[in-house]
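Asker: here is a sequence with its predicted model. Questions after.
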Amino acid sequence: MSGHLSTLVLHQYRYGEISGAEAVALRQHLDACPECAARLRAQEAERRAFELTPMPDALRGLDAEPGWRRFLRIGFVAPLLAAAVATLVVVPVIVGGLGDDPAADPVGGEVGTTRTKGVDLPLEVWTDGASGVRAVAEGEPLAAGQRVQLRYDPQGHEWSVLAGVDGTGAVEVFGQAEEDGATGGRHAPFSLVLDATAGPQTFVLLLSDRPLLEDELQRAVRGSEVDGVVRHAVSHRKE
Amino acid sequence: MSLVGRAVDGTGPAPRVTNDAARVRAGAERVAGTLDIAALYRRYGDMVLGRCRSLLGNDADAQEAMQEVFLQVHRQRDAFRGEASPTTYLYRAATNTCLNRMRTRRRRPEEMVAEPPAVLASDALVDQVELRQVVQRLLADEDERTVSCVVYHYLDGMTHDEAGALLGISGAAVRKRIGKFRERLGPTGPSWFREGGT
Ligand SMILES: [Zn+2]
């Protein structure tokens, strides 16, 4: 119609979704067009007003609903999430514990990952220690309160699932992601803070070429064979 | 690439335990478990609310519609995850939600808001009050897709191609629908409907 920028394009620009030549052209338009510049300023003003208003209770309560608990079930601590919201870092608290028996495998299934140095690992636990960020070594214990992040390799699969199993055998599915079919290590887009449930903490990576249903996912995490699912797991005792 | 190699010899890009915001954003929409509605709301709520306000015309209705949009995303996480642009998805979802509400409101005139709609003139390419009234009328006899075409094109200033991309149809199809709509409207519609669109 008028050759002006659409309302949606202005939003996308604000949200940083437009880049490259398109962004350059857009900025040129904004410099030359007081009308669109004013509309962008109005959006920014609405943004500032919005930031001052509290979140509706109906949305705040969503985290406790089944759909969300499905992924972050155990020991979920709201204040941690609230603190994380600003950067979209999800911080579930894994119920883990004091590792009285490092050999115990509450999952009951076979551990698919052999930790051999120098070999590609599909699933690793990373942590930020005093000496910087590093992979947690094989046999190295984890501690309650320790923040960890999973690093995994989808190995060309279409879908990956990251989950944890605590010392009581409780399964917590952190998330299921659609991958780009590529190979290569990547950090999960969340970090985890371990809490003090007894027993070893196991982390599980499921790889598949289709999204998994909840019950398949639960079974596969626990080590049952599920058609088309490759399972990798690493266990660390808790101290 | 060898993860262990990196871990052992420390080469390669430094991994972070806490991701930077951009990376987390990119990932958050792809990982169901981290599809955090609260975070999504904080990031995109202003856009969704603005969209609802521009169509519904009053703040109370817009607030309700906005909540409905995020509740819907929460219910349909899989669909949301498949979307490349959260902005596009939410904008479209908000538009559909509002049009549905307007349709329902039309059937129950006693529930129509009596107060005059607030005009967000700064974000308007056309007279929004007038357009809302036209959209409200359109919902009676035009199909949903045509109404969406009209809203995206006239209210939001999208080109036919942009509107088509959002609706999953071609720009030519949008042009056709709007052309037919203008024909039906005849000389009675607001002037800006009758003027040529791009
Ligand atoms: Zn302009």
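Answerer: Sure, I can see it.

Asker: domain assignment for the chain?
Answerer: No chain specified, so I'll use chain A. Chain A breaks down by automatic domain parsing into domains covering A:7-59, A:67-236.

Asker: actually, chain B is the one I wanted.
Answerer: If you go by automatic domain parsing, chain B breaks into B:32-119, B:124-198.

Asker: can you put these in a markdown table and add mean pLDDT, mean neighbour count and distance to chain A?
Answerer: Yep, even glycine has a C-beta here, placed from its N, CA and C like the rest. Formatted as a markdown table, the domains of chain B follow (pLDDT from 0 to 100; neighbours: other CB atoms under 10 Å in any protein chain shown; distance: least, CB to the nearest CB, whole Å):
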| stretch | mean pLDDT | mean neighbour count | distance to chain A |
| --- | --- | --- | --- |
| domain B:32-119 | 79 | 19 | 2 |
| domain B:124-198 | 79 | 17 | 4 |
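
Asker: after whatever helix or strand B:Arg42 lives in, next one along is what?
Answerer: Assigned by DSSP states H and E, B:Arg42 falls within helix B:37-56. Using DSSP H and E, the next helix or strand after helix B:37-56 towards the C-terminus is helix B:59-75.

Asker: that following helix packs against which elements?
Answerer: Counting contacts by 3 or more CB pairs under 8 Å, 6 or more residues apart in numbering or on different chains; DSSP states H and E, helix B:59-75 packs against helix A:57-60, helix A:66-69, helix B:37-56, helix B:86-107.

Asker: cutoff 10 Å now
Answerer: On a contact count with 3 or more CB pairs under 10 Å, 6 or more residues apart in numbering or on different chains; DSSP states H and E, helix B:59-75 meets helix A:57-60, helix A:66-69, helix B:37-56, helix B:77-81, helix B:86-107.

Asker: could you dump those to TSV with distance to the ion?
Answerer: As requested, the helices and strands packed on helix B:59-75 are exported to TSV (distance: least, CB to the ion, whole Å):
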stretch	distance to the ion
helix A:57-60	34
helix A:66-69	41
helix B:37-56	17
helix B:77-81	31
helix B:86-107	19
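
Asker: figure out which of the domains of chain A is closest to chain B.
Answerer: domain A:67-236 (2.4 Å; CB to the nearest CB).

Asker: mean confidence for the closest one?
Answerer: Mean pLDDT, domain A:67-236: 67.

Asker: report the contact partners of the residue nearest to B:Tyr44 when sequence neighbours are not counted.
Answerer: Using CB to CB, 6 or more residues apart in numbering or on different chains and skipping the chain neighbours, the partner closest in space to B:Tyr44 is B:Leu90 (5.2 Å). Neighbour list for B:Leu90: A:11, B:40-41, B:43-45, B:47-48, B:51, B:66, B:69-70, B:72-73, B:80, B:83 [criterion: CB atoms under 10 Å, 6 or more residues apart in numbering or on different chains].

Asker: let me have the helices and strands packed on helix B:59-75 in CSV, extended by distance to A:Val230.
Answerer: Output for those, formatted as CSV (distance: least, CB to CB, whole Å):
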stretch, distance to A:Val230
helix A:57-60, 36
helix A:66-69, 26
helix B:37-56, 30
helix B:77-81, 21
helix B:86-107, 30
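
Asker: buried ones in stretch A:229-239, by neighbour count?
Answerer: By 16 or more other CB atoms under 10 Å in any protein chain shown, the buried positions in stretch A:229-239 come out as A:Val229, A:Val230, A:Arg231, A:His232, A:Ala233, A:Val234, A:Ser235, A:His236, A:Arg237, A:Lys238.

Asker: who's the last one bridged to?
Answerer: I take that to be A:Lys238. A:Leu142 (DSSP bridges).

Asker: same deal with the fourth one?
Answerer: Note on A:His232: beta-bridge partners by DSSP bridges are A:Leu205.

Asker: surely it is in contact with A:His157?
Answerer: No - with contact defined as CB atoms under 10 Å, A:His232 does not reach A:His157; the gap is 11.1 Å.
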